[in-house]
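K.L.:
Would you be able to build a 3D model of this:
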Amino acid sequence: MGVGQLLLLVAVLVASLLQASSGVLACYGPRVDGLRGFLEAQYVPEAGLLRAAVAAYPDNATIWVASDNLLAARALLVLGSPLAGRVLEALERYGGGFDGVHEVLIGYRIPGVFYEAGEVVLGEVYSHSLGAVLVVKRELHCCRVMEDWSQYADLVVYRALDQLLAGDIAGAERLYRLLMSMWDGRGFRDAAFSGAYESYKLALAVYLHRALAAAGSPVVGEYWGVVEECCRLLKLLQRGDGSIATHYRVDDNGAVVPVGDANVETTSITVLALYSAYPLAAGLHARMLELLQDPACG
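P.N.:
Residues are numbered from 1 along each chain as shown. Alright, predicted model coming up:
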C-alpha cells in the first residue's frame with residue numbers, strides 16, 4: 001500500500017469516527033429512512049444489483065453497473081442496509097463498477113481528462129417480481145475528450161474532488177468558486193440546463209462544500225447560504241417513495257416543482273453527499289497531504 005492510499009485509509013477512519021461521534025448532519029435534508037426504502041425497493045435479486053429508475057423508459061428496464069450500482073452499494077452501506085454486501089459482491093463480476101469518473105465520490109483518483117460518455121451492454125436478466133427482462137449496461141468514458149468540461153457543474157465537482165485527493169486544496173477552491181458562479185439562486189444553470197434543473201448537482205455542491213470544510217478551507221464560509229438552499233431543495237424534492245426527483249423547476253411564485261422520474265443515481269449521490277463520511281475523508285486526506293508537503297514539517 002502506497003503512502004497516498006495509507007493516508008486516505010487513515011482519513012476515512014478519522015472521518016467515520018467524526019461522523020459517528022458528532023451526530024450532526026451536514027444539513028437538514030431528505031428523510032434517511034425514505035432514501036433507504038427507495039434504494040432497497042430497486043434491488044433485483046436475480047442480478048444482485050439495482051435497476052436504474054421506476055417509470056421512465058428505458059432506465060426502468062435497465063441496470064447500470066456504472067455509475068448507479070457503484071454509488072448505490074456505498075449508499076446502502078452508509079444507510080445500514082443488508083443489501084450493501086450483496087451489491088458489492090455482484091459488482092465484483094464487473095470489475096467493481098468503476099467508470100473513470102464517479103469513483104472519485106468514494107475516494108479514488110480519476111484520469112486527468114474527461115471523455116464523452118458512451119455505454120456497453122453486458123447482458124440481460126429476467127426479474128420475476130417485475131415480470132420483465134432488464135438490460136445490464138455500463139457507462140464508459142472514452143475516445144473523444146471533453147474540452148468544455150468546465151462548463152458542467154458535475155464535472156467541475158468531480159475534478160475538484162480529484163484535486164483534493166491529490167492534496168491541491170487551492171485548486172479545489174478555484175473550482176468550487178467556478179461551481180458557485182453557475183448558481184442562479186434556484187439551481188445550477190450550466191451548459192446542460194434546458195429548462196429544468198438537475199437535482200443531483202445540488203447534492204454534489206453539498207459534497208464538495210463538506211470536503212473543503214474538512215480540509216480547513218475558509219472559502220466555504222462565503223457560500224454557506226447556497227449550500228443551505230441546496231439542502232432545502234433536496235428535502236423538497238424527496239418523493240413519497242423516498243427517492244429524489246431527478247429534475248425540478250421553480251415557478252414564478254417560488255414554488256419548487258419536481259419534474260420527471262426518480263432514479264438510483266440521484267438518490268445515491270444525495271446519500272453520499274449529505275450523510276456519509278466520504279466528503280470528510282477527502283478533505284482530511286487533502287489536509288494531511290498539504291501538511292506533509294510543508295517544509296516546516298520536514
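K.L.:
Helices of the protein, residue ranges please.
P.N.:
Along the chain, counting by DSSP state H, helices occupy 3-22, 32-41, 70-78, 83-91, 153-165, 169-181, 200-214, 224-236, 264-275, 278-293.
K.L.:
Give the closest residue to Val227 in space, chain neighbours not counted.
P.N.:
Of all residues beyond its chain neighbours, the one nearest Val227 is His209 (4.7 Å), with distances taken as CB to CB, 6 or more residues apart in numbering. The C-beta positions use only the backbone N, C-alpha and C, and glycine is treated the same way.
K.L.:
Which of the helices of the chain sits closest to Gly112?
P.N.:
helix 153-165 (8.0 Å; CB to CB).
K.L.:
could you give the angle of the closest one to helix 278-293?
P.N.:
For helix 153-165 against helix 278-293, the angle by axes from the mean of the first three to the mean of the last three CA atoms, to 10 degrees is 40 degrees.
K.L.:
Give me the contacts around helix 153-165.
P.N.:
The contact list for helix 153-165 (CB atoms under 8 Å, 6 or more residues apart in numbering) reads 8, 101-102, 104-105, 107-110, 114, 146, 149-150, 169, 171-172, 175-176, 178-179, 182, 188, 190, 192, 198, 200-201, 204-205, 207-208, 211-212, 215, 282-283, 285-286.
K.L.:
now do 7 Å
P.N.:
Contact partners of helix 153-165, identified using CB atoms under 7 Å, 6 or more residues apart in numbering, comprise 101, 104, 107, 109-110, 114, 149-150, 171-172, 175-176, 178-179, 182, 188, 190, 201, 204, 207-208, 211, 215, 282-283, 285-286.
K.L.:
Just the buried residues of the residues you listed.
P.N.:
Those of the contacts of helix 153-165 that meet the buried threshold are 101, 104, 107, 110, 114, 149-150, 171-172, 175-176, 178-179, 182, 188, 190, 201, 204, 207-208, 211, 215, 282-283, 285-286, by 16 or more other CB atoms under 10 Å.
K.L.:
Quick check, Asp59 in contact with Val264.
P.N.:
No: counting by CB atoms under 7 Å, Asp59 stays clear of Val264, with 8.8 Å between them.
K.L.:
So for Arg159, what's the pLDDT?
P.N.:
For Arg159, the model assigns a pLDDT of 98.
K.L.:
could you check the distance from it over to Arg232?
P.N.:
In this view, Arg159 and Arg232 are 26 Å apart by CB to CB, to the nearest Å.
K.L.:
Looking only at neighbour counts, state which of those two leads.
P.N.:
More neighbours surround Arg159 than the other of Arg159 and Arg232, with 23 against 15 (other CB atoms under 10 Å).
K.L.:
contacting residues around Pro258?
P.N.:
Counting by CB under 7 Å, 6+ apart, Pro258 touches Leu237, Arg239, Ala245, Tyr248.
K.L.:
An error on my part: the question was meant for Tyr126.
P.N.:
Glu46, Val133.
K.L.:
Redo the contacts of Pro258 as TSV? Include neighbour count.
P.N.:
Below are these laid out as TSV (neighbours: other CB atoms under 10 Å):
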residue	neighbour count
Leu237	26
Arg239	16
Ala245	22
Tyr248	22
